[in-house]
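Student: Sequence and predicted structure are below.
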Amino acid sequence: MPLEDYKEDMERCVRCSHCKHVPYVPLARVDRNFRDVCPSVAKFNWHSFSGGGKMITAYALLLNRIDYTPTLEKVVYQCQMCGACDVACKVQMDIEPFETMLELRARLVENGVFPAELMPIVDWLKKEDNMMQKPKAERGKWAAGLQLKDLSKEKAEVAFHVGCRFSFDSELWQVARTAATLLTNAGVDVGIFGMDETCCGGRAYELGFQGEFIKYMDHNIEAWRNAGVKTIITPCSDCYATFKAWYSRYGHREFQVLHVLEYLERLIKEGKIKLRKNIPMVVTYHDPCHLGRLSEPYLYSSPGKPYITPKKKVLGTMLIHEPPKPWRRGANGIYDPPRNILKSIPGLKLVEMYRIREYAWCCGAGGGVKDTYPDFAIWAAKQRIREAKAVGAEALVTACGWCERNFKDALEEMDEKIRIYDVVELVKEAIE
């Protein structure tokens, strides 16, 4: 949808600042040191960096009151696109800050206004089908020695899409290898595309390069169809949100999409995976934005146009949706499977941080920030690590390669002693 389609939302923003903080009831149990939900406004302390501030900025741009300037670029791109402002806003108002910001970035890209650091990344995506600036020929190295079907040559019911971060970050290969091995050991008919796997397109979409997103969406859909795939399983939360939410937004809903933890939880319940080893450790779980609030599917849409429902005026003043519009409020993300798995590990004690589920604080790596403003990404990760320590955790556990990488990078600059895990790594330890 073009930016103009959200003009009414921009006009309805009442500048209440609900987009900046944990809302109402959850706020009562939150330590005052951890009440922000928006890393951008918490870091830069200026309203323009908040969700509401970006709504005003987009409105000013539509009215030709501001120009495409370096300052505008910073306001729009010093943002993780984590969606926290969106779910906090919708406690108070029914408007679409996140959708507006997606289109705002797309408008900036159309006008050639975006961080210079993104240009080589996007060029590499076009050339090598990944945003990690790695040769495509190295994409399948993570699976060396594993007995997995090659979906470019044979068919399988399940496609294991590992994603760019897990494919090229060798320190995280163990997560992908363990997940794939657990699936095959449980008798799942699973295959990979290996070197022929391509980016999901989700990061390009969030950066404003919508044409590249559509290109990879179309490619992946065709590849899955040709391979006879019915279910997509991924360990990457970014890929999960892209397949589950963004692809469905464009009308593609023929495939079942599961995060690997959803499937592992099922296998544990069925007794196909037995967690026997005692792990005496206090852990806390970090909800990745893309596995949590951003993975909530679009409930009503036509291809490329989410939530198109007629409006009518009532009482001569108010516009309402008729039939009622179903809103994505973040509560229907994947929150319980990771926690259920952790609770099923003998000896492991799970303690919760203050900001959890749809109100979780972002790790800092999203929205291109890790590539364009790395110091800001590390700052956000440090805040989360301090929150984990504040609740007495010995380990910070997540389910996202980008989160794990950013937490580990941040920890190198801190004096804190805390371990960083993916849930899959703890499952592996509990089995051995």
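Tutor: That came through fine. Numbering: from 1, shown residues only.

Student: From here on, just use CA atoms for contacts and neighbour counts.
Tutor: Fine.

Student: my guess is Ala179 contacts Val260, does it?
Tutor: Yes - if you go by C-alpha atoms under 8 Å, Ala179 and Val260 touch, sitting 7.1 Å apart.

Student: Quick one: end-to-end length of stretch 154-166, please.
Tutor: 23 Å (C-alpha to C-alpha, to the nearest Å).

Student: in that stretch, what counts as buried?
Tutor: 155-166 (16 or more other C-alpha atoms under 10 Å).

Student: thinking again about what came up before, give me the more crowded residue out of Ala179 and Val260.
Tutor: Val260 (28 against 24; other C-alpha atoms under 10 Å).

Student: picking that back up, shared neighbours of Ala179 and Val260, which are they?
Tutor: Common neighbours of Ala179 and Val260, using C-alpha atoms under 8 Å, 6 or more residues apart in numbering, are Pro235.

Student: Just to check, Asn233 is in contact with His161?
Tutor: Asn isn't right for residue 233; it's Ile. Yes - using C-alpha under 8 Å, Ile233 makes contact with His161 at a distance of 6.2 Å.

Student: Any chance you could list what contacts stretch 276-284?
Tutor: Residues contacting stretch 276-284 (C-alpha under 8 Å, 6+ apart): 345-353, 388, 392-397, 429-432.

Student: how about a cut-off of 10 Å?
Tutor: 339, 342, 344-353, 387-389, 391-398, 418-421, 426-432 (C-alpha atoms under 10 Å, 6 or more residues apart in numbering).

Student: which among those residues end up buried?
Tutor: Applying 16+ other C-alpha under 10 Å to those flags 339, 342, 344-345, 347-350, 352-353, 387-389, 393-398, 418, 420-421, 426-428, 430 as buried.

Student: Setting aside sequence neighbours, what's the nearest residue to Glu429?
Tutor: Lys277 (7.2 Å; C-alpha to C-alpha, 6 or more residues apart in numbering).

Student: State the distance from that neighbour to Arg419.
Tutor: 19 Å.

Student: Kindly report the same for Gly251.
Tutor: 41 Å.

Student: related to what we said a few turns ago, what's the overlap in contacts for Ile233 and His161?
Tutor: 180, 239-240, 259-260.

Student: Give me the next element, helix or strand, following the helix or strand containing Trp173.
Tutor: Using DSSP states H and E, Trp173 maps to helix 173-185. Later in the chain than helix 173-185, the nearest helix or strand by DSSP H and E is strand 190-192.

Student: could you say what helices and strands that next one packs with?
Tutor: Other helices and strands packing on strand 190-192, by 3 or more C-alpha pairs under 10 Å, 6 or more residues apart in numbering; DSSP states H and E, are strand 149-150, strand 158-160, helix 173-185, strand 231-234.

Student: Would you mind listing the residues in contact with the residue positioned nearest the centre of the chain?
Tutor: Nearest to the mean C-alpha position of the chain, by C-alpha atoms, centre = their mean, lies His290 at 2.0 Å. Residues near His290 by C-alpha under 10 Å, 6+ apart: 81-83, 236-242, 244-245, 296, 333-334, 362, 366, 399-400.
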